[in-house]
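>>> I'll drop the sequence and a predicted model, then ask my questions.
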Amino acid sequence: MSELKNIPNVGNRTEQDLLAMGYTTIASLKGKSAQELYDEECALRGTLLDRCQLYLYRAVEYYVNTPSPDPAKLRWWFWKDEFVQPSPCGAVCAECALFPASCAGCAKIEGKPHWLKYTGEPVCAVYDCCVNGKKLKHCGNCPALPCEKFTKDPTISDEENAAHLQAMVARLKASKQ
């Protein structure tokens, strides 16, 4: 057994595949993306693997490259596409400090984030417009991006809101369908 088995979610088969791909230590995985590891394993096996292996590698990437990984985020199923790809507003659930302990993700909570208690709205205006109104996954293709529906999170500073908005819009523009 190698030290790779100390990584959450790495079982016997994944350990053997990582070793066969040349990764012998946790340090040897630093800086590798989940997609790179997934692609390498697909090439090693000569077939396209189930996406669950990609999700596992996302959890591995998080564990290996995060100085103090949140133990609640180490389960592979928290790295499925729905938590890693941009939500309607461009936020990424897996990056949020409230996920998964206090928030199950935008799709699961149907656009009802924690901050609605401060605004009095029944649902996030972006989610409502994008998902309920326009039947889109996210606002990446909307010509009005970002619009007035992108409201400030009242629990953080104006500077943090501005930085979040900039990152969300960039993510959405990069994710156009």
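Sure, I can see it.

>>> how distant is stretch 38-53 from the center of its chain?
20 Å (C-alpha atoms, centre = their mean, to the nearest Å).

>>> residue 58 and residue 65, how far apart?
Separation of residue 58 from residue 65 (C-beta to C-beta, to the nearest Å) stands at 11 Å. Quick note: C-beta positions are derived from backbone N, CA and C, even for glycine.

>>> compare these two (neighbour count), which wins?
residue 58 (24 against 14; other C-beta atoms under 10 Å).

>>> SS state for that one?
helix (DSSP: H, G, I helix; E, B strand; the rest coil).

>>> kindly provide the distance from the nearest residue to it once chain neighbours are set aside to residue 149.
Distances taken as C-beta to C-beta, 6 or more residues apart in numbering put residue 79 closest to residue 58, at 3.5 Å, once the chain neighbours are dropped. In this structure, residue 79 and residue 149 are 28 Å apart, going by C-beta to C-beta.

>>> then residue 121?
11 Å.

>>> what is the subsequent helix or strand relative to the lowest-mean-pLDDT helix or strand in the chain?
Across the helices and strands of the chain, mean confidence by mean pLDDT, DSSP states H and E is lowest for helix 116-119: a mean of 88. Per DSSP states H and E, the first helix or strand lying C-terminal to helix 116-119 is helix 125-127.

>>> mind giving me the packing neighbours of that next one?
On a contact count with 3 or more C-beta pairs under 8 Å, 6 or more residues apart in numbering; DSSP states H and E, helix 125-127 meets no helix or strand.
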